[in-house]
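Asks: I would like to see how this sequence folds:
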Amino acid sequence: MAFNCLLALSTIAQNKPYHFKAGFNAQEADDMMVLNTAFTDTTKNNQFIGFLPSYEFKHRSASIGLDNVWDLWIRTDSTVVIALRGTTANPKSIMADFYCAMLPAKGEIVLAPNDTLYYKLAQEPRAALHGGFLISFAYIAKDIKPKLDSLYTKGYRNYIITGHSQGGALTYYISSWLIYLKKDGIYPSLGIKTYASASPKIGNMFFVNDYDNINHAEWAFSSVNSADVIPESPLTTQQLEEDMNSPNPFLRLYDKMNELPLIKRIVLKSAFNKMKKGANKSSKAYQKYLGGYAEKIIKGMLQSIELPQSVNTTYFLRPGVNISLLSNENYQNFFKTYKSTLSHHGMKPYRFLLREYYEGLDPLK
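Replies: Sure thing, here's the model as predicted:
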């Protein structure tokens, strides 16, 4: 009897009480980071028994698309967790990062003959997304859909989407896709929450506004280590006409310069034109090399794929409520003993900083 009581108490201690609800939860965020470390273990048929208390591993996909893999876990409160793998050493995965053309957030992608994915990730018609990540999303969405149908039929209604690095970027695509499937009545009772960490920038301002609007600053969170370079990428250029709302007071200001004295008018118009043309030139070069040229490489890797027409923008932003993990003195002391190829980008630095700013988490092992 005494042994059974101890066993019961041990089980309760390991399986923390969970409830699916809005708002950032540091324990939940830390759990998601732990689940994402499972991708580093590629042991065939590993069932991850006891990997993280309260979470049961259910499925790992094959490598699909641009070397994309996703895991399925179920929490003790019946919350389904979909974890998305980050960048690997595979050239396909690397090209997913570097194909930086912007593609429409609503449209269709031909994956193979007689296999077209129709997608809706925003209702704002000007919304556009990072091309490499959108391709990755297309293959993942196609692979997830049958599992999702089965889970929904069985009564699973609450979902957490999570990923680190490139996987973090893909969380926004999958969660926005699910939210619009819910809005369109395909899965009318879904609850969707997103935890991204170390994500690069993934879409233009119009997509970010759309995404943040449908999440109401309650359901999507982006953890960023202030010392990490990856969330600063890809490089971004804001064009005056393409990337700003209209009517645009800056363009009207240019016309007002005609009322200035001659010398002032010449100097200010010259400076204005240099800034405008410089931004346009930079964006065009970006689209040429990391758009057009990179697209040819992608199509060599995925020979049947057909993509929508790219959008004239390279104004990259990242959506979600920003969870800023500021590098501090304790972190710098920790970092001196931490060795990793991408150092500040690793999971352990993120989990260390999470503990610097949020109480109640178990000590980092």
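Asks: Which parts of the stretch 201-350 of the chain are helices?
Replies: For the stretch 201-350 of the chain, the helices defined by DSSP state H, counting those that start in this stretch occupy 205-215, 249-256, 262-287, 294-301, 329-335, 347-357.
Asks: what's the least confident stretch among those?
Replies: With a mean of 64, helix 249-256 has the lowest mean pLDDT of the helices of the stretch 201-350 of the chain.
Asks: Can you point out the helix or strand that includes the most centrally placed residue in the chain?
Replies: Closest residue to the average C-alpha location of the chain: Ala169 at 2.0 Å, with C-alpha atoms, centre = their mean. Following DSSP states H and E, one finds Ala169 within helix 166-183.
Asks: Show me which parts of that helix are buried, residue by residue.
Replies: Residues of helix 166-183 classed as buried: 166-182 (neighbour count, 16 or more other C-beta atoms under 10 Å). Placement of C-beta: from N, CA and C, glycine included.
Asks: got it, and stretch 188-199?
Replies: Those buried within stretch 188-199 under the rule 16+ other C-beta under 10 Å are 190-199.
Asks: Between those, which sits nearest Leu364?
Replies: Among the buried residues of stretch 188-199, Ser197 lies closest to Leu364 (C-beta to C-beta), at 14.9 Å.
Asks: show me the contacts for the closest one.
Replies: 29, 32-33, 36, 163-165, 168, 222-224, 347, 350 (C-beta atoms under 8 Å, 6 or more residues apart in numbering).
Asks: Mind pulling the model confidence for it?
Replies: In this model, Ser197 carries a pLDDT of 98.
Asks: Let me see the contact set for the closest residue to it other than its chain neighbours.
Replies: In this structure, Ser197 finds its nearest non-sequential neighbour in Ser223, 4.2 Å apart by C-beta to C-beta, 6 or more residues apart in numbering. The contact partners of Ser223, by C-beta under 8 Å, 6+ apart, come to 29, 195-198, 323, 325, 350, 354.
Asks: returning to that earlier point: distance of the residue nearest to the centre of the chain relative to Leu35?
Replies: 17 Å (C-beta to C-beta, to the nearest Å).
Asks: Also Ile82?
Replies: Counting by C-beta to C-beta - Ile82 and Leu35 are separated by 10 Å.
Asks: which neighbours do the two share?
Replies: Common neighbours of Ile82 and Leu35 (C-beta under 8 Å, 6+ apart) are 71, 162.
Asks: In which helix or strand does Gly360 reside?
Replies: Using DSSP H and E, Gly360 falls outside every helix and strand.
Asks: Quick check, it in contact with Ala29.
Replies: No - the pair Gly360 and Ala29 fails to qualify as a contact (C-beta atoms under 8 Å) at a distance of 11.9 Å.
Asks: and Leu84, what does it touch?
Replies: Here Leu84 is in contact with 68-70, 140, 161-163, 167-168, 170-171, 174 (C-beta under 8 Å, 6+ apart).
Asks: now do Phe57
Replies: With C-beta under 8 Å, 6+ apart, Phe57 has these contacts: 38, 47-49, 51, 71-73.
Asks: Who is it paired with across the strands?
Replies: Trp73 (DSSP bridges).
Asks: wait, isn't Phe98 in contact with Tyr293?
Replies: No - contact criterion C-beta under 8 Å: Phe98 and Tyr293 do not qualify, at 9.8 Å.
Asks: ok so, going back, after the helix holding Ala169 comes which helix or strand?
Replies: Downstream of helix 166-183 (by DSSP H and E), the next one is strand 191-197.
Asks: CA-only coordinates of that following strand, as CSV, when you get a sec.
Replies: What follows is strand 191-197, C-alpha atoms only, in CSV (Å, rounded to 0.1, in the frame of the first residue of the first chain):
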residue,chain,number,x,y,z
GLY,A,191,-8.1,25.6,-30.7
ILE,A,192,-4.7,26.6,-32.0
LYS,A,193,-1.7,27.9,-30.1
THR,A,194,1.8,28.6,-31.4
TYR,A,195,5.2,28.6,-29.8
ALA,A,196,8.1,29.5,-32.1
SER,A,197,11.7,30.0,-30.9
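Asks: and that strand, how far from the chain's centre?
Replies: The chain centroid and the centroid of strand 191-197 are separated by 9 Å, computed with C-alpha atoms, centre = their mean, to the nearest Å.
Asks: Paired strands for it, with orientation please.
Replies: strand 158-164 (parallel), strand 220-225 (parallel).
Asks: CSV for the ones you listed, including mean pLDDT?
Replies: CSV is the format used below for the strands paired with strand 191-197 (pLDDT from 0 to 100):
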stretch, mean pLDDT
strand 158-164, 98
strand 220-225, 98
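Asks: Any chance of these in a markdown table with distance to Phe133 as columns?
Replies: Output for those, formatted as a markdown table (distance: least, C-beta to C-beta, whole Å):
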| stretch | distance to Phe133 |
| --- | --- |
| strand 158-164 | 11 |
| strand 220-225 | 14 |
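Asks: And those: which comes nearest Asn213?
Replies: Counting by C-beta to C-beta, Asn213 lies closest to strand 220-225 out of those; the figure is 10.9 Å.
Asks: mind listing what's buried in the closest one?
Replies: By neighbour count on 16+ other C-beta under 10 Å, the buried set for strand 220-225 is 220-225.
Asks: Stretch 299-313 too?
Replies: Neighbour-count burial for stretch 299-313 [16+ other C-beta under 10 Å]: 301-302, 305, 307-308, 310-313.
Asks: can you check stretch 208-217 too?
Replies: Buried-residue list, stretch 208-217, by 16+ other C-beta under 10 Å: 208-211, 214-215.
Asks: And stretch 66-80, by the same measure?
Replies: 66-75, 79-80.
Asks: what's the model's confidence in that stretch, averaged?
Replies: The model assigns stretch 66-80 a mean pLDDT of 98.
Asks: Over to it now: how far is its first residue from its last?
Replies: Taking C-alpha to C-alpha, to the nearest Å, stretch 66-80 runs 24 Å from one end to the other.
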